[in-house]
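Engineer: All I have is the shape, not the residue letters:
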């Protein structure tokens, strides 16, 4: 993991979200409100690159063109045990590839001026508490299923299956590559049950917290 030097916290926001918690709705909305670049997550529950939908686990089409990460990730998440583990030697190269791919986007954001909103990518772990403002969105599984179904326009049965696959993939990504638990409250500055209040209110809560943390205001930084 590459060490990142401390800098202005509120210029850089990371959002970690379990399935149905609304991360793919909240994170781009934060970027838009703050006038910051947005970096999408890099995980997939399907194993094929496709344009992302709200709460969807698929990679962006651009990412899919440049790397077989979707195949690598699918190959280890299906066999990932529930707790932290050590990777066998044969998987070290794949792990390095996945880690490098995820972190390259984060470092592009930093190189562009250090400002942006990053969804997923274990960004809170990569950056650490001294760089960025880290938010975790979660909620009870049954409520996340309902919210995920509404956001994606699918049945609750489909959302339930996606929740199982997505939560497993996201947890495996962080545990396998960084030996960390993405639900660990110590990683974040702010944790919200985003199934208990409307997502518009979640956005406003995060914006209020960000304003209290640093100098960023809406429209203060132009998009590249």
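Structural biologist: Yes, it's here. Predicted, not measured: the structure shown is a model, and the values here were computed from it.
Engineer: Tell me where this structure has helices.
Structural biologist: 23-34, 61-66, 69-77, 92-111, 123-127, 141-152, 156-178, 199-213 (DSSP state H).
Engineer: rank these by pLDDT, which is bottom?
Structural biologist: Ranked by mean pLDDT, the helices of the chain bottom out at helix 61-66, with a mean of 37.
Engineer: hang on, the earlier thing: what about the helices of the chain, which gets the closest to residue 15?
Structural biologist: Closest approach to residue 15 among those (Cβ to Cβ): helix 23-34, 4.2 Å. Backbone N, C-alpha and C define where each C-beta goes, glycine included.
Engineer: still on that earlier bit, with distance to residue 134 as extra columns, can I get the helices of the chain in CSV?
Structural biologist: Below are these laid out as CSV (distance: least, Cβ to Cβ, whole Å):
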stretch, distance to residue 134
helix 23-34, 12
helix 61-66, 22
helix 69-77, 22
helix 92-111, 12
helix 123-127, 4
helix 141-152, 20
helix 156-178, 13
helix 199-213, 11
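Engineer: Need those helices in a markdown table (columns: mean neighbour count).
Structural biologist: Formatted as a markdown table, the helices of the chain follow (neighbours: other Cβ atoms under 10 Å):
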| stretch | mean neighbour count |
| --- | --- |
| helix 23-34 | 22 |
| helix 61-66 | 13 |
| helix 69-77 | 19 |
| helix 92-111 | 16 |
| helix 123-127 | 25 |
| helix 141-152 | 19 |
| helix 156-178 | 19 |
| helix 199-213 | 17 |
